[in-house]
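Enquirer: Need the 3D shape of this:
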Amino acid sequence: MPGDPQGLIRDWGRATSREESQALTRAYADGRADGVAGAVAGGADLMLTAFSAAPLRTCF
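Expert: Below you'll find the predicted structure:
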């Protein structure tokens, strides 16, 4: 998964404005979303997170 949460925190510390911090957060979230989309496209059914397993597909 793309995205380094510690790097994001470091970048926030260097940000010179609220707008820059928000842009950093948006870019981080976009990268994470791209990673999830890529995992689904690659056939992953489940991702492990710090909180629990996250199903990527549902069966209906």
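
Enquirer: Now stretch 31-51 - C-alpha only, CSV.
Expert: Provided in CSV are the C-alpha atoms of stretch 31-51 (Å, rounded to 0.1, in the frame of the first residue of the first chain):
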residue,chain,number,x,y,z
GLY,A,31,-2.6,7.4,-2.8
ARG,A,32,-4.2,5.1,-0.2
ALA,A,33,-7.3,4.9,-2.3
ASP,A,34,-5.3,4.1,-5.4
GLY,A,35,-3.6,1.3,-3.5
VAL,A,36,-6.9,-0.2,-2.5
ALA,A,37,-8.2,0.1,-6.0
GLY,A,38,-5.1,-1.6,-7.3
ALA,A,39,-5.4,-4.4,-4.8
VAL,A,40,-9.0,-5.1,-5.9
ALA,A,41,-8.0,-4.9,-9.5
GLY,A,42,-5.3,-7.4,-8.8
GLY,A,43,-7.8,-9.9,-7.3
ALA,A,44,-7.3,-9.3,-3.6
ASP,A,45,-10.3,-10.2,-1.5
LEU,A,46,-9.0,-9.1,1.9
MET,A,47,-6.5,-6.5,3.2
LEU,A,48,-5.0,-6.6,6.6
THR,A,49,-5.0,-3.3,8.4
ALA,A,50,-3.8,-2.1,11.8
PHE,A,51,-7.4,-2.5,13.1
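
Enquirer: What average pLDDT does that stretch get?
Expert: Mean pLDDT, stretch 31-51: 85.

Enquirer: So which residues make contact with that stretch?
Expert: 1-3, 53-57 (Cβ atoms under 8 Å, 6 or more residues apart in numbering). Using the backbone N, CA and C atoms, a C-beta is placed for each residue, glycine as well.

Enquirer: secondary structure element for the closest residue to residue 12 other than its chain neighbours?
Expert: Distance criterion Cβ to Cβ, 6 or more residues apart in numbering; nearest residue to residue 12, sequence neighbours excluded, is residue 21 at 5.4 Å. Remark: residue 21 resides in helix 18-41, with elements defined by DSSP states H and E.
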